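K.L.:
Quick one, fold the following:
(2 chains)
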Amino acid sequence: MTTLSYFRLLGALLTLVWLNTACETVIDAKLDTSPTQLSVDGTITDQPGPQTVRLSLTAPYFDSATTPAAKGATVTVADNTGRTYVFTDPDNDGYYVWQPAQRDTMGRIGRTYKLTIAYQGDTYIASSTMNRVPAIDSLVFREARINPISSTMGYRASFYARDFPGARDYYRVRFFWNGVLQNKPRNIVTVQDAAFRGSADTDGLQFIQPIRQSINPDSLYRMNDSVRVEVQSITPEAFDFLSQLRTQLTNGGLFATPPANLPTNIVNMANGGRAATGFFTASAIRTRSAVVKKENLR
Amino acid sequence: MKKDILLYWLVLLSWLVSVDTGFAQDKLTVSGYVKDAANAEGLIGVSVYVKETGTGAVTNNYGFYAVTMPPGTYNLVVSYVGYTRQTQTVTLTDRNVKLDLELTQEGRQLQEVTVSTQREDDNVKSVEMSVNRIGVQTIKRIPALLGEVDVVRSIQLLPGVSTVGEGATGFNVRGGSIDQNLVLLDEAPVYNSSHLFGFFSVFNPDAVKDVKLIKGGIPANYGGRIASILDVRLKEGNAKKGELNGGIGLIFSRLSYERPFLKNKGSFIVAARRSYADILAQPFLRGDLRGSKFYFYDLTAKANYRINDKNTVFLSGYLGRDVFGADFGFNWGSTTLSARWNHVFSDKLFLNTTAYYSNYDYALNSDLNGKNPQDYFRTNSRIVDYSLKPDFSLFLGRSTLTFGGQSILHDFQPGLATATSAGVERTFGLNSRYALENAVYIGNEQQLTRQLQLQYGLRYSLFTYIGPGEAYTFSNDGEVGKRKALVSTQTYDRGKSIQTYGNWEPRFAAKLDLGDNSSVKLSYNRLAQYIHLISNTTASTPLDVWTPSTNNVKPQLADQIAGGYFRNFGKSSTQGRAYEASVEVYYKWLQNQIDYIDGASLILNQYLEGDLLSGRGRAYGAEFYVKRNTGVVNGWISYTLAKTERQVAGINNGDWYATRFDRRHTLTSVLLIDPPGRTDGRSRWNFSATFTFASGTPATFPTSRFEYEGYVPYTVNGRNNYRIPPYHRLDLAATLQGRKRTGKRKDDNWVFSVYNVYARKNPFSVFFQPSSTDPRITQAVRYSVFASAIPSVTYNFKF
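P.N.:
Numbering: from 1, shown residues only, chains lettered A, B, ... in the order given. Predicted coordinates for the structure are as follows:
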């Protein structure tokens, strides 16, 4: 949470709990629809195994079906050492996959990856550098109330990792609870050096406490739950994209910012060609897993 | 630059001396103060009219007047709405005459209604236009949220004034943003006038004497903001006897005490408020929430001392703070202190010199109770002003000349943060920024003929952004509307000028009488604003930071023309006319308006200026206003038709678009009902009702969705392309006057009120989000701050 989100939280708390009259109601709204755009959802990593880039199309906002797949595209990723990787869509569902030959890993820290997509006469490109990522030193638990006004107890997880001193680094944190990725909007956690943006200069520090504890579900963990934490390196552009994604998905109330398009690094090569949405990222990942057990308690 | 300023002052001073000494003595002057007979408060805006010559004067902000005529015997008619008219005979032979006057309120009871405290027929007779005065007695009668009468909420009922939504901080005047209003408390600017995020304002109604909102035709003595001046004047304190006032409400309690001191040569008032929701809630809090703090308080005080006939000094101050938090907490608050010296040089020349200090700051702390010294985050930010401001008035009979100047030193501290992680502390501070804002002005109010009155003036403002500091240069090569890249940083030493801006600000107003009861008025003004509130949220937050004009941020400029027709009609049981009515139209051109790139990063961002956009604006509209001053049913109805637009390169393809605070139609109505027989004690009840309707504000609605990692974000095709549904609300209040009793208690009453009577869920905003249960289902959500009727009761007393 940035300072502003702390503030929003308190604002919400105040209006909801204290005055107890604020209210949110789902209403009908008639919306225009923009012309369809290509949408890219691609993250390549330094982990062994296949890599996937999903191509889909934008759809009317209230259309709750899965957005249509962008089929028949040519998708390649090239790195700055001259290697090119070809992605294909075996199931014809818009998920373009690169299958490694045995024990081949695509991502290498320090390399820059360029995505090229040829789709319906347009060529789109995007590039991303795979930055350094620190190891997670430990993952521990502590017994705690699940929230300040509850008497129910649970186990709160904290992970410890340290930012690299020197250049400004950007990371993202994700976690899996009993093998399931937690993907509520507020689980999008982005890190600048060891803290949030709009904080002090935390270069080279241990990740600050709110980030260490950003890996907990509302109910906290129970004994014998398994937890896996990932720290991913991202580029400054991906940091902007992800933090604005979170803002957009949670924007509302007294202190909402103006709704805006998310930034994108997908560029249509044709001058004045139709823009695409989405993002292409290269991420190095470090993980750590633990089970809530007596010996992991602090 | 410093030399320039010095020169201005020298010219001004020498000119002043020549005026003061070189005056012909064939005319004589009557001058003095007009005060309220009950408590000796100086009365602002009282008409002093010389029957024989047809000339007159109006008392200034300190109750001082002066009229000049040849020797002879004259009748002075002194009148003020709500007070008994008084005629005083004065004979001038060979000397100037000092004449202090006291006026008596018409009704005996404190709660007696005076819709406005101003001179009779002021709207027609004064050259001022686009000015609304609202008396504290009226403010106290308007049905209030949670029973707490509020200055800022009351002025939102005036024509041309609106708000972005329920409970939002501040107010918008004629298409201006909230930081374009100069909010003055005894001449010191208040940088954040809100308590509790904007639900209440910092002005304690028990200590306020006069509230004046100037929306157009702004005289030359005011400057520094481009939309309006809200001039709040505090009571001086009862100079005749001690008085204790108080009130107990649902949210907070008030207590004020005023009395004379030093043989009635001085008087003071001290007024305090504190909210007590936290005290009431304390027994129900446990665990980590024990020790939670959420309260606000304020203390307002003022004292005056009359040294002699020629010299009076005033000292006023405000201190207030909002505090929220359990382990994590934050607080914000303002402090103002103003010292003033009134000096009467001759019987014609009046000087007020004000020195003030104003501070607004906030602090945020993740570890309020010090439980976690290894890991915490703290930040704070503030703006401080120091200013000196002499203002002269020269009463010349047919004209009143005003002149003076102002120097302000602004000290901005945009943010200082400390983060501690695992025991390692890091501090990160944005550099403090300093600026000097200077101005000189001269203005004249002149009765040209019996029908035509003019007010004209010129103000020159000079702003210097000074070191120590860093100036940033950004690249203009990037895509318009995106973050600008930093090219270079230049460091400046202490006192070195980084950037200077100067502006001539002409002001003009004219009034032409069309008979006794109607007039037409015309005005033009140019205003410059050098400091800006950086905020891109729907409602301004207390964490928003003020920033000076810099080499990248140009001063905001506004030109406004306004015209109006004013008419009074109907018979009144007391004095003046029963009804006053006006129609005003205005058009404003705005330059260098600040906007923000999509996804702007505004907090603790050293390179904030790279995220700002600049554009122009236009606002125009018509305001209709009818007010009934007296009678069983009195009050006003106002209707505003308005449009406010902006054009910013990088937003909406550079096309004009409606601003966030654009409201096409606004209708407000305030009814005050005084059943017959209230003054003689037969009816102890009175009633009031307000109704507000406002068109929905513009909002940005999405057009498409796409998928990213299972999340469903949206795309938009422009800013403010839709409107949220309209806002309307009815509030009611009833006051029960306590029985007259012998003994010490003089007066008491109960106020019962219901806010949002028909429980409309007025939209504050409509936003779009995935459902919390199934992220693939996207929804439009209407957010209402109040979704029910809010009843309340308040008990007020006076000893």
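
K.L.:
what mean pLDDT would you report for stretch B:86-97?
P.N.:
Model confidence over stretch B:86-97, given as mean pLDDT, is 87.

K.L.:
What is the end-to-end distance of it?
P.N.:
Stretch B:86-97 has its terminal residues 18 Å apart, counting by C-alpha to C-alpha, to the nearest Å.

K.L.:
Stretch A:97-113 too?
P.N.:
15 Å.

K.L.:
Can you pull out the residues in contact with that stretch?
P.N.:
A:44-52, A:77-81, A:85-90, A:127-133, A:233, A:282-284 (C-beta atoms under 8 Å, 6 or more residues apart in numbering or on different chains). Every residue, glycine included, has its C-beta placed from N, CA and C.

K.L.:
Put the buried members of those residues into a PyMOL selection.
P.N.:
PyMOL command restricting the contacts of stretch A:97-113 to the buried ones, with burial defined by 16 or more other C-beta atoms under 10 Å in any protein chain shown:
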select buried, chain A and resi 44+45+46+51+77+78+79+85+87+89+127+128+129+130+131+133+233+282+283+284
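
K.L.:
What helix or strand is residue 91 located in?
P.N.:
Unless you meant another one, I'm taking chain A. Secondary structure assigned from DSSP states H and E places A:Asp91 in neither a helix nor a strand.

K.L.:
sorry, should have said chain B
P.N.:
For B:Thr91, the host element (DSSP H and E) is strand B:86-92.

K.L.:
Next: B:Gly615.
P.N.:
Following DSSP H and E, one finds B:Gly615 within strand B:612-628.

K.L.:
ok, that strand near chain A or not?
P.N.:
No. Using C-beta under 8 Å from any C-beta of the partner chain, we find that strand B:612-628 stays clear of chain A, coming within 12.1 Å at best.

K.L.:
Now do the buried residues in that strand.
P.N.:
Of the residues in strand B:612-628, those buried by neighbour count under the rule 16+ other C-beta under 10 Å are B:612-617, B:619-621, B:623, B:625-628.

K.L.:
Adding distance to A:Ser158 and pLDDT, write these out as a markdown table.
P.N.:
Output for the buried residues of strand B:612-628, formatted as a markdown table (distance: C-beta to C-beta, whole Å; pLDDT from 0 to 100):
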| residue | distance to A:Ser158 | pLDDT |
| --- | --- | --- |
| B:Leu612 | 38 | 94 |
| B:Leu613 | 41 | 94 |
| B:Ser614 | 45 | 94 |
| B:Gly615 | 47 | 95 |
| B:Arg616 | 51 | 96 |
| B:Gly617 | 50 | 96 |
| B:Ala619 | 53 | 97 |
| B:Tyr620 | 58 | 97 |
| B:Gly621 | 57 | 96 |
| B:Glu623 | 59 | 96 |
| B:Tyr625 | 62 | 94 |
| B:Val626 | 66 | 94 |
| B:Lys627 | 64 | 90 |
| B:Arg628 | 67 | 88 |
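
K.L.:
could the residues you listed go into CSV alongside distance to B:Gly325?
P.N.:
As requested, the buried residues of strand B:612-628 are exported to CSV (distance: C-beta to C-beta, whole Å):
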residue, distance to B:Gly325
B:Leu612, 31
B:Leu613, 35
B:Ser614, 37
B:Gly615, 38
B:Arg616, 41
B:Gly617, 38
B:Ala619, 39
B:Tyr620, 44
B:Gly621, 42
B:Glu623, 42
B:Tyr625, 44
B:Val626, 47
B:Lys627, 44
B:Arg628, 47
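
K.L.:
about what we covered before: if you look at the contacts of stretch A:97-113, which of them are in strands?
P.N.:
Assignment to strands by DSSP state E places the following of the contacts of stretch A:97-113 there: A:44-45, A:51-52, A:77-79, A:85-87, A:127-129, A:233, A:282-283.

K.L.:
Tell me the one of those residues nearest chain B?
P.N.:
Distances from chain B to the ones in strands among the contacts of stretch A:97-113, taken as C-beta to the nearest C-beta, are shortest for A:Thr52 (11.2 Å).

K.L.:
does the closest one really touch A:Tyr96, like I thought?
P.N.:
Yes. In this structure A:Thr52 lies within contact range of A:Tyr96 using C-beta atoms under 8 Å: 6.9 Å.

K.L.:
what do those two both touch?
P.N.:
If you check A:Thr52 and A:Tyr96 against C-beta under 8 Å, 6+ apart, the residues they both contact are A:Phe87.

K.L.:
I figured B:Gly32 hits B:Asp100, correct?
P.N.:
Yes. With contact defined as C-beta under 8 Å, B:Gly32 reaches B:Asp100; the gap is 4.2 Å.

K.L.:
With adjacent residues omitted, what lies nearest to B:Val164?
P.N.:
Closest residue in space to B:Val164, ignoring its immediate chain neighbours: B:Phe661 at 5.1 Å, by C-beta to C-beta, 6 or more residues apart in numbering or on different chains.

K.L.:
whoops, I mixed them up, A:Met223
P.N.:
Sequence neighbours aside, A:Val292 is the residue nearest to A:Met223 in space, at 5.4 Å (criterion: C-beta to C-beta, 6+ apart).

K.L.:
Could you check how far the one you found is from B:Arg382?
P.N.:
Noted for A:Val292: a distance of 45 Å to B:Arg382, by C-beta to C-beta, to the nearest Å.

K.L.:
residues in contact with B:Ala510?
P.N.:
B:Ala510 sits next to B:Val127, B:Leu452, B:Gln453, B:Leu454, B:Gln455, B:Lys521, B:Leu522, B:Ser523 when contact means C-beta under 8 Å, 6+ apart.

K.L.:
The host helix or strand of the fourth one - what's its average pLDDT?
P.N.:
Taking DSSP H and E as the definition, B:Leu454 sits inside strand B:452-466. For strand B:452-466, the per-residue pLDDT values average out at 95.

K.L.:
What residues of that strand count as buried?
P.N.:
Residues of strand B:452-466 classed as buried under the neighbour-count rule (16+ other C-beta under 10 Å) are B:453-457, B:459-466.

K.L.:
Just flag the most distant two among the residues you listed.
P.N.:
With C-beta to C-beta as the measure, no two of these lie farther apart than B:Gln453 and B:Ile466, at 41.5 Å.

K.L.:
you'd agree B:Asn123 is in a strand?
P.N.:
No. Judged by DSSP: H, G, I helix; E, B strand; the rest coil, B:Asn123 forms no part of a strand; its state is helix.

K.L.:
can you pull the contacts of it?
P.N.:
By C-beta under 8 Å, 6+ apart, B:Asn123 lies in contact with B:Phe566, B:Asn568, B:Glu580, B:Ser582.

K.L.:
Return the subset of those lying in strands.
P.N.:
When DSSP E defines the strands, the subset of those inside them is B:Phe566, B:Asn568, B:Glu580, B:Ser582.

K.L.:
Need those residues in a markdown table (columns: distance to chain A and pLDDT).
P.N.:
Formatted as a markdown table, the entries for the ones in strands among the contacts of B:Asn123 read as follows, by distance: C-beta to the nearest C-beta, whole Å; pLDDT from 0 to 100:
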| residue | distance to chain A | pLDDT |
| --- | --- | --- |
| B:Phe566 | 38 | 93 |
| B:Asn568 | 42 | 89 |
| B:Glu580 | 37 | 88 |
| B:Ser582 | 34 | 93 |
